[in-house]
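In: Structure of the sequence below:
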Amino acid sequence: MEIGILGGGIAGLSVALALRKQGHMPRVYERRAGPATMGAGVTLWPNAGFVLEELGLLQDIAAVGGRPVAMQRQDAAGNPLGGLDIALLDRMMGYPTHTILRRDLLAVLLEAAAVAGIPVEYGHRAVAIDPDGDGRAVARFENGLRIRPDLLIGADGRMDSVARRYVAGDNAPVYQGFVNWIGVAQADDALVDEITIRDYWGAGERFGAVALRPGLVYWAGAQARPLRAAAPAADLRNEVETLFGGWPEPVARIIRATPTHAIHLIAVHDLEPLTTWNRGNVLLVGDAAHAPLPTSGQGACQAMEDAWHLARCLDGADEGLDAALLRFAQIRAPKTGQFIEQARVFARGLFATDPATCRMRDERAKAADPVRDAQVLAAGWAQGLPMAGDTQEVAADGVGFGSLYRV
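Out: Here you go, the predicted structure:
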């Protein structure tokens, strides 16, 4: 099958690789002039590890990524708030967790695409999709190109998806009340003393730091605030240092080790869950279909799951393309929709400013059972995947897989 994919990010490239392994002929069209450089890093939890193993890329990711053993929570004064035993979670799910810079993840995916003979066309900004006479979609690009593949996949992101407008109509991104400053810190000396994920909770503020190596850390600082225009880069550094400079080390050390030009501000949006993921032969995947808040921890992971499931739905689809795309959406919509809603619930508690609410949130986090938390996450994240590990008992007992984040 001839397949056109709008978007050369994590979702688009993962889908292209999965479909190429099934014998299809995907071609990727990316609006940017080259690979994306925006973004800091991502955590690839074990469900993504499963997909990467299926794609034959897990060892490539391990070669350039980090392998965290734990996630540690603290409040803004440095008091412990519990955490997550990532090594235990990995054992439960049967696959490893890796942390990786976004640019390095894209480099691995692009190298694999080149080896597989998948064309990736840069500088191709889609401006419209229109049905032709027989209902098949034609995508038009700013440079004048038109394509009419057997299947057109929209992997063109959450903020300006031409494919989502075609499939879902008016479904604009929703600002969820907080911003993220993101950056990558690098130093010859160690910035952290162990390879962990550090999560600091304040009142309406949060700082997360993810170590890949002792001298390489990506991070995000967040604050609840009204939507407004972004400040210049120099002001971004001042904002971050003013907000988080007095938080427990290594927060200030990590910020100081980040070049000013590498600090970016993102107004965080998500999208409402969709009831329909395709219109004719146009299908949505990744953030174009189900963009969750970063508080889900699952954006990149769910994009990769899309790739694995879509390849299987299309493999030997004797019932026809329409039925295969409907089956894909029926499989993916419940899980991704739940992540969207749970991430919103978590964000409301995380960015609360009322002191009593924050105290209750923190006490609940401290009182959590770390083994039970790992079981709940393993059950939820493994849902729908043939993964090893003892997750089914927890999944079957009625515990929602977002209960770890319930506040």
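
In: The residue nearest to His264 when sequence neighbours are not counted and Thr258, how far apart?
Out: Counting by CB to CB, 6 or more residues apart in numbering, Ile182 is the residue found nearest to His264 once chain neighbours are left out, at 5.4 Å. Every C-beta, even on glycine, is put in place using the N, C-alpha and C of the backbone. Going from Ile182 to Thr258 by CB to CB, to the nearest Å gives 9 Å.

In: Report pLDDT for Thr37.
Out: pLDDT recorded at Thr37 is 70.

In: To clarify, my last question referred to His261.
Out: 89.

In: Leu321 too?
Out: 94.

In: Report how many residues lie close to the nearest residue to it once chain neighbours are set aside.
Out: Spatial nearest neighbour of Leu321, chain neighbours left out: Asn281 (6.2 Å); criterion: CB to CB, 6+ apart. The tally of other residues near Asn281 (other CB atoms under 10 Å) stands at 21.

In: Can you name the residues that contact the one residue sitting closest to the centre of the chain?
Out: In the chain, the C-alpha nearest the mean C-alpha coordinate belongs to Gly299, at 2.1 Å (CA atoms, centre = their mean). Taking CB atoms under 8 Å, 6 or more residues apart in numbering, we find Gly299 in contact with Val42, Asp287, Ala291, Pro292.

In: wait, the third one sits on Asp160?
Out: No - shown here, Ala291 and Asp160 do not form a contact pair, counting by CB atoms under 8 Å, at 11.9 Å.

In: Would you mind telling me which of the two has the busier surroundings?
Out: For Ala291 and Asp160, the more surrounded residue by other CB under 10 Å is Ala291, and the numbers stand at 27 against 13.

In: so what's that one up against?
Out: Neighbour list for Ala291: Gly157, Arg158, Pro173, His269, Asp270, Leu271, Gly299, Ile340 [criterion: CB under 8 Å, 6+ apart].

In: and the gap between it and Pro149?
Out: Counting by CB to CB, the gap from Ala291 to Pro149 is 24 Å.

In: In a strand, the residue nearest to His264, correct?
Out: Yes - with DSSP: H, G, I helix; E, B strand; the rest coil as the criterion, Ile182 is part of a strand.

In: Next, count neighbours for it.
Out: 24.

In: Likewise for Arg20?
Out: Counted with other CB under 10 Å, the neighbours of Arg20 add up to 20.

In: wait, what's in contact with it?
Out: Arg20 sits next to Pro26, Ala113, Ala116, Gly117, Ile118 when contact means CB under 8 Å, 6+ apart.

In: do that again at 10 Å, thanks
Out: Counting by CB atoms under 10 Å, 6 or more residues apart in numbering, Arg20 makes contact with Ile3, Pro26, Leu55, Ala112, Ala113, Val115, Ala116, Gly117, Ile118, Ala311.

In: Which strand residues bridge the nearest residue to Glu205 once chain neighbours are set aside?
Out: Nearest residue to Glu205 in three dimensions, chain neighbours excluded: Gln223, at 5.0 Å (CB to CB, 6+ apart). Beta-bridge pairing of Gln223 under DSSP bridges involves Val179, Glu205.

In: Surely Gln223 touches Ile266?
Out: No - counting by CB atoms under 10 Å, Ile266 is not a contact partner of Gln223; they are 11.7 Å apart.

In: shared neighbours of the two, anything?
Out: Common contact partners of Gln223 and Ile266 (CB under 10 Å, 6+ apart): Phe178, Val179, Asn180, Trp181.

In: With distance to Val127 as added columns, please give the residues you listed in TSV.
Out: Formatted as TSV, those follow (distance: CB to CB, whole Å):
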residue	distance to Val127
Phe178	31
Val179	29
Asn180	29
Trp181	32
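
In: Could you tell me which of the residues you listed count as buried?
Out: Neighbour-count burial (16 or more other CB atoms under 10 Å) applied to the shared contacts of Gln223 and Ile266 gives Phe178, Val179, Asn180, Trp181.

In: where's the last one relative to Val282, distance?
Out: Trp181 is 35 Å from Val282, where distance means CB to CB.

In: Now do the same contact list for Ile10.
Out: By CB under 10 Å, 6+ apart, the neighbours of Ile10 are 36, 39, 42, 44, 48, 102, 105-106, 109, 155, 286-287, 299-301, 303-304, 307.

In: can you give me the strands for the stretch 201-350 of the chain?
Out: 205-213, 216-224, 264-270, 278-279, 282-284 (DSSP state E, counting those that start in this stretch).

In: which outside residues touch the shortest one?
Out: Contact with strand 278-279 is made by 129, 131, 135, 137, 151-154, 163, 166-169, 284-285, 289, 321-322, 324-326, 328-329, as judged by CB under 10 Å, 6+ apart.

In: what about the top helix by length along the chain, distance to the chain center?
Out: Looking across the chain with DSSP state H, the single longest helix is helix 321-350. Distance, stretch centre to chain centre, for helix 321-350: 13 Å (CA atoms, centre = their mean, to the nearest Å).
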